[in-house]
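K.L.:
take a look and give me a structure for this.
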Amino acid sequence: KGEAHVEGEKVENPDTGLYYDEYLRQVIDVLETDKHFREKLQTADIEEIKSGKLSRELDLVSHHVRTRLDELKRQELARLRMLIKAKMDSVQDTGIDHQALLKQFEHLNHQNPDTFEPKDLDMLIKAVSARYK
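P.N.:
From the prediction side, this is the model:
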């Protein structure tokens, strides 16, 4: 009721319904800690974001931000592998190709499991965009 928005106050975003919602939120939060990237994000229009132009700005973020993004990606891949293992265990089917299963997760580059690269940001943006077409 008429309360002013306090600068720096965290606004609670609704759940996107994506199975990688937590990963998406964490990546955004980390990227927003970099002043240069945050400024680019605030001035970019939706087409710049969807086209991957914004993803190229990832090369300019600080080492600390890149290290944190690498860590987030490794955690997300571990989570996905755990889900795949749980699914395999539930059906007791052997001989399933883990890499083939990982390919169905289009929100990150599974072929490079150790570092978060511009391609990862581009894939994450495209996955979210495809969900909301």
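
K.L.:
for residue 60, give its distance to residue 70.
P.N.:
16 Å (C-beta to C-beta, to the nearest Å). Backbone N, C-alpha and C define where each C-beta goes, glycine included.

K.L.:
higher neighbour count, those two?
P.N.:
The neighbour comparison of residue 60 against residue 70 (other C-beta atoms under 10 Å) goes to residue 70, with 16 against 11.

K.L.:
that one touches residue 116, doesn't it?
P.N.:
Yes: using C-beta atoms under 8 Å, residue 70 makes contact with residue 116 at a distance of 5.1 Å.

K.L.:
flag the shaky bits of the protein, pLDDT-wise.
P.N.:
The model of the chain has pLDDT under 70 over residues 1-15, 90-104, 133.

K.L.:
and the nearest residue to residue 61 once chain neighbours are set aside, how many neighbours?
P.N.:
Closest residue in space to residue 61, ignoring its immediate chain neighbours: residue 34 at 4.4 Å, by C-beta to C-beta, 6 or more residues apart in numbering. Residues near residue 34, counting by other C-beta under 10 Å, number 21.
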